[in-house]
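Asker: What follows is a protein structure lacking sequence information:
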């Protein structure tokens, strides 16, 4: 998450100076890409696990003496 944090800090710095462009080295851009890709892949795995674990609860309501 360090590369994402650095990117956010760079954007904030450029915005504070009313800049229009953010410049990154190729090494930093690749590291950011890799970190984002890993987070997205992990998120997809988590979402697949959640959808597979959907539990059905059956409720039966009877009138009793009503």
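Answerer: Yep, that arrived. Not measured: the values here are computed from a predicted model. Residues are numbered from 1 along each chain as shown.
Asker: Could you use CA atoms for every contact and neighbour count after this?
Answerer: Will do.
Asker: Where does the prediction get shaky in this protein?
Answerer: Filtered on pLDDT under 70, the chain yields the residue ranges 50-54, 66.
Asker: now the helices for it?
Answerer: All helices of the chain, identified by DSSP state H, fall at 2-16, 26-52.
Asker: List the buried residues in the longest one.
Answerer: Applying a neighbour-count criterion of 16 or more other CA atoms under 10 Å, one finds 32, 35 buried in helix 26-52.
Asker: Kindly report the same for the shortest one.
Answerer: Taking 16+ other CA under 10 Å as the basis for neighbour counts, the residues of helix 2-16 that come out buried are 3, 7, 11.
Asker: So what's the residue count around the closest residue to the last one other than its chain neighbours?
Answerer: Excluding the flanking residues, the one nearest residue 11 by CA to CA, 6 or more residues apart in numbering is residue 22, at 6.9 Å. Residue 22 has 11 neighbouring residues, counting by other CA atoms under 10 Å.
Asker: if we can go back for a sec, and the helices of the chain as CSV, adding distance to residue 59?
Answerer: CSV is the format used below for the helices of the chain (distance: least, CA to CA, whole Å):
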stretch, distance to residue 59
helix 2-16, 46
helix 26-52, 21
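Asker: you'd agree residue 35 is up against residue 4?
Answerer: Yes. Using CA atoms under 8 Å, residue 35 is in contact with residue 4, at 7.5 Å.
Asker: Looking at the helices of the chain, spot the one closest to residue 62.
Answerer: helix 26-52 (31.0 Å; CA to CA).
Asker: I'm done for today, thanks for sticking with me.
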